[in-house]
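*Asks:* Fold the following.
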Amino acid sequence: MNTTICKLAFRESGIFAVPIALVIFAYVLFKPDPLRYFDTVIAVLAVLLGAAAAWRTFADYGSVRAFLFSRPFSPKRLFYIRYLFGLGIIAVTGMVTAAVIAGGVRQSVQQILFANGWFPMMRFEELHCLTSYFLSSFLAYHTTLYFMLTNRFRPPLHRRGIRLSLRWLGNLFLVLIAFGVVGGVGFTALIIFWNESTFPACRIGEWFLFIIFGIPAVIQFLLLPRLGVHCYNNQEVES
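*Replies:* Numbering: from 1, shown residues only. The predicted structure is shown next:
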């Protein structure tokens with residue numbers, strides 16, 4: 001049964017996730033400049049991958065949702081398998097990217113096609129770009145999943161009082177996180193750009209970027225599974 005759920009999830013999300021992953025691999029292979037701690041293109045592609053994995057895996061268009069919840073597995077099990085499947089897409093893409101870099105595939109392509117003088121000196125240093133990849137994709141995955149769950153599974157907006165207030169406070173919280181991430185990334189990019197030759201300034205920018213991405217990602221990783229299980233257990237499914 002777990003395999004069936006995963007097959008359905010891949011059929012829905014693969015049409016978007018696979019092309020984005022292939023673009024990431026191609027970019028890593030053919031970019032002639034060294035991959036830095038924060039690479040804008042990798043970060044943007046990671047955000048697209050995380051958002052696509054959450055959106056397509058949990059979309060359930062048409063009568064799919066009613067069909068799934070009529071099957072003999074619990075809503076909790078359905079949610080966790082889908083949730084882990086989405087995380088698996090991100091993890092597998094990151095691990096393949098790491099293998100391309102650390103295994104010398106990128107180095108070989110760069111030396112053969114471009115006679116790139118950065119290698120082999122930069123081969124393992126470029127693994128630092130995976131930090132921004134994983135944090136960006138996890139943040140996008142959980143943020144998209146949050147809005148998917150709350151907009152699809154929560155009670156209608158006509159309910160007033162504490163529940164409605166908590167809903168809007170939760171949305172506001174995530175919007176503030178998004179603005180904080182954008183501001184933090186922009187500030188860090190400026191630090192690295194204007195002080196690229198200054199080692200301490202680059203390290204400060206890296207740690208600042210890690211904090212801005214890392215804290216929201218950890219909070220969401222701890223809270224989203226419980227929210228998802230609650231929504232799946234208490235939703236109303238159309239007949």
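
*Asks:* Output the below-cut-off pLDDT ranges for the protein.
*Replies:* Scanning the chain for pLDDT under 70 picks out 1, 61-72, 152-209, 235-239.

*Asks:* show me where it has helices.
*Replies:* Along the chain, counting by DSSP state H, helices occupy 2-30, 40-57, 64-68, 75-102, 105-114, 129-153, 162-194, 199-234.

*Asks:* Out of the ones you listed, which gets nearest to Arg123?
*Replies:* With respect to Arg123, and counting by C-beta to C-beta, the nearest of the helices of the chain is helix 105-114 at 5.1 Å. Where C-beta positions appear, they are placed from N, C-alpha and C, glycine not excepted.

*Asks:* which residues are contacting stretch 15-31?
*Replies:* The contact list for stretch 15-31 (C-beta atoms under 8 Å, 6 or more residues apart in numbering) reads 35, 41-42, 45-46, 48-49, 52-53, 56, 89, 93, 96-97, 100-101, 105-106, 109, 113, 133.

*Asks:* Buried only: go through those for me.
*Replies:* Burial by neighbour count, judged by 16 or more other C-beta atoms under 10 Å, picks out 35, 42, 45-46, 48-49, 52-53, 56, 89, 93, 96-97, 100-101, 106, 109, 133 from the contacts of stretch 15-31.

*Asks:* In CSV: the helices of the chain, plus distance to Met122.
*Replies:* Listed next are the helices of the chain as CSV, based on distance: least, C-beta to C-beta, whole Å:
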stretch, distance to Met122
helix 2-30, 13
helix 40-57, 15
helix 64-68, 46
helix 75-102, 10
helix 105-114, 8
helix 129-153, 11
helix 162-194, 16
helix 199-234, 15
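
*Asks:* Among those, which comes closest to Met121?
*Replies:* Ranking the helices of the chain by proximity to Met121 (C-beta to C-beta) places helix 105-114 first, at 9.9 Å.

*Asks:* That closest one vs helix 75-102, what angle?
*Replies:* Relative orientation of helix 105-114 versus helix 75-102 (axes from the mean of the first three to the mean of the last three C-alpha atoms, to 10 degrees): 40 degrees.

*Asks:* Name the nearest residue to Gly104, sequence neighbours excluded.
*Replies:* Excluding the flanking residues, the one nearest Gly104 by C-beta to C-beta, 6 or more residues apart in numbering is Arg123, at 6.8 Å.

*Asks:* ok, that neighbour touching Val100?
*Replies:* No: the criterion here is C-beta atoms under 8 Å, and Arg123 misses it with Val100 at 11.0 Å.

*Asks:* so what's in contact with the two at the same time?
*Replies:* Residues touching both Arg123 and Val100 by C-beta under 8 Å, 6+ apart: Arg106.
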